[in-house]
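**Student:** Whatever this is, show me its structure:
(one chain, ligands or ions: 1)
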Amino acid sequence: MADDIAIVGAGAAGAGAAYALADADASVTVFEKSGGVCGRAATRRREGCRYDHGANYVKADDERVTELVTDGLDTEGLVDIAEPVWVFDADGEISEGRDADDHKWTYETGITQLAKRLFGATDASVENGVRISEPVRENDGWRLYDTDHEDLGHFDAVLLTPPAPQTADLLGSANWEHRLCRELREAVAVIPYRTIVSAVLHYPFELDQPYYALVNTDDDHDVGWVSREECKDGHVPDGESLLIAQMSPDWSVDHYDDADGAITATAAERVAELLDDERLADPDWTDTQHWRYALADDGVDAGTVDRAAEHGLYLAGDWVAGEARVHAALRNGLETGERITDRR
Ligand SMILES: Cc1cc2nc3c(=O)[nH]c(=O)nc-3n(C[C@H](O)[C@H](O)[C@H](O)COP(=O)(O)OP(=O)(O)OC[C@H]3O[C@@H](n4cnc5c(N)ncnc54)[C@H](O)[C@@H]3O)c2cc1C
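**Tutor:** Predicted coordinates for the structure are as follows:
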């Protein structure tokens, strides 16, 4: 009989695992609390624009992921951002960066296409709007419940892919009387995260700059990153600009609960100073996104995670890979999906 496998989270790791499980003798159900897929690699649409307000692009830092993106998956609308990333320091001094030749991939319809195309190549059923609250150990497998205590069924194996603090919460509420549950939770809960508030700034005019983005290299500026979505084909209509300003982790923690208008006003002011263009202080529309768990600063102890597999429990994500990048999460998901396939 085919195994029933549950994947919690439809980000890059969850999508990679579903993709790797596509040919297995398994029925795969993905539970995702939000209304979309691709997690922190997120895209929004507004007033004719599309913008990636979480992860900006996927880099070619992993051979297997590179092959998948450029060959294995449908490449229609794949965008390789041509302009380089430059750098700036605490004084706002801008200089040329180091990665002019690196690939930086997204899609004309946004980076969420990555997960959409991975899931599209599988028979996995993606259940959006379902937040898992409690895994219960039962009959050599797991029974899952959502936040309304609805029974979502019994699964032979479960893969958890939420960011480490949310996975630690799930382990904390798990009904599993085993020493490993506490050990796992402790190993997962200590992983530190950086918080990032993203401000989206739209302008009804074009910007003439030689770079796609600027990144702060000394971690001593209120702005950590600012990028031009118009460098991605299909994202911004001609004659307009849309900037994504990611505020520094320190600034983001201090101002996390500020009103959106106050956040975008400061972001626009800082960006106008940095780019030495006073028009940028006055965007015609704005948007924000608060990423409390934006980037993991460490990886989890691999040995503890591996031991959970003996109990039909798997963990994947950028924090399991030890690198807070889309390609690392995807690679880790692919490998974890293969481990689930090989488990019998
Ligand atoms: C602002 C920002 C900029 C970034 N820039 C880049 C970049 O340019 N390039 C790059 O490579 N990486 C970048 N990253 C990092 C990259 O986004 C992540 O490393 C990667 O997307 C992580 O994928 P994941 O699948 O491990 O986790 P996630 O994408 O977080 O996926 C986990 C999923 O689980 C879901 N979930 C959580 N709890 C539950 C629950 N209880 N029940 C059901 N579902 C649940 C979440 O909604 C989410 O969809 C950036 C991240 C941020 C926040």
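**Student:** ok, now which ones touch the spatially most central residue of the chain?
**Tutor:** For the chain, Arg40 is the residue whose C-alpha lies nearest the centre (C-alpha atoms, centre = their mean; 2.6 Å). By C-beta atoms under 8 Å, 6 or more residues apart in numbering, Arg40 lies in contact with Gly11, Gly54, Ala55, Pro163, Trp291, Ala294. Any C-beta I mention is one placed from the backbone N, CA and C, and that applies to glycine too.
**Student:** And it, how far from the ligand?
**Tutor:** Arg40 sits 3 Å away from the ligand, going by C-beta to the nearest ligand atom, to the nearest Å.
**Student:** State the pLDDT value of that residue.
**Tutor:** Looking at Arg40, its pLDDT is 98.
**Student:** ok so it is a strand residue?
**Tutor:** No - counting by DSSP: H, G, I helix; E, B strand; the rest coil, Arg40 falls outside a strand, being coil.
**Student:** ok so, going back, among the contacts of Arg40, which ones lie close to the ligand?
**Tutor:** Contacts with the ligand within the contacts of Arg40, as defined by C-beta under 6 Å from any ligand atom: Gly11, Gly54, Ala55, Pro163, Trp291, Ala294.
**Student:** So which of the residues you listed belong to strands?
**Tutor:** Judged by DSSP state E, strands contain the following of the ones next to the ligand among the contacts of Arg40: Trp291, Ala294.
**Student:** Between the ones next to the ligand among the contacts of Arg40, which sits nearest the ligand?
**Tutor:** Gly11 (2.2 Å; C-beta to the nearest ligand atom).
**Student:** Make TSV out of the ones next to the ligand among the contacts of Arg40 and add pLDDT and neighbour count.
**Tutor:** Conversion of these to TSV gives the following (pLDDT from 0 to 100; neighbours: other C-beta atoms under 10 Å):
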residue	pLDDT	neighbour count
Gly11	98	29
Gly54	98	22
Ala55	98	27
Pro163	98	24
Trp291	98	20
Ala294	98	22
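**Student:** Closest one of the ones next to the ligand among the contacts of Arg40 to His221?
**Tutor:** Nearest to His221 among the ones next to the ligand among the contacts of Arg40: Ala294, at 16.8 Å, using C-beta to C-beta.
**Student:** Now do the contacts for the closest one.
**Tutor:** Arg40, Gly54, Tyr193, Arg194, Thr195, Ile196, Pro249, Ser252, Ala324.
**Student:** For the nearest residue to Phe31 once chain neighbours are set aside, which residues are in contact?
**Tutor:** The shortest distance from Phe31 to any residue other than its chain neighbours is 4.5 Å, reached at Val130 (C-beta to C-beta, 6 or more residues apart in numbering). Val130 is in contact with Phe31, Glu32, Lys33, Asp146, Leu152, counting by C-beta under 8 Å, 6+ apart.
**Student:** The residue in the stretch 101-250 of the chain that the ligand sits nearest to: neighbouring residues, count only.
**Tutor:** Here the stretch 101-250 of the chain gets closest to the ligand at one residue, Pro162, 3.2 Å apart by C-beta to the nearest ligand atom. Here the count is done by other C-beta atoms under 10 Å, and Pro162 has 24 residues near it.
**Student:** So what's the predicted local confidence for it?
**Tutor:** Confidence for Pro162, expressed as pLDDT, is 98.
**Student:** wait, what's in contact with it?
**Tutor:** By C-beta under 8 Å, 6+ apart, Pro162 lies in contact with Val8, Gly9, Leu170, Gly317.
**Student:** ok, the second one to Ala268 distance?
**Tutor:** Right, the one you point to is Gly9. Counting by C-beta to C-beta, to the nearest Å, the separation of Gly9 from Ala268 is 33 Å.
**Student:** who's in contact with stretch 268-280?
**Tutor:** For stretch 268-280, contacts defined as C-beta under 8 Å, 6+ apart pick out 88, 92, 94, 199, 201, 203, 205, 207, 209, 214, 221-223, 226, 243, 245, 281-283, 286.
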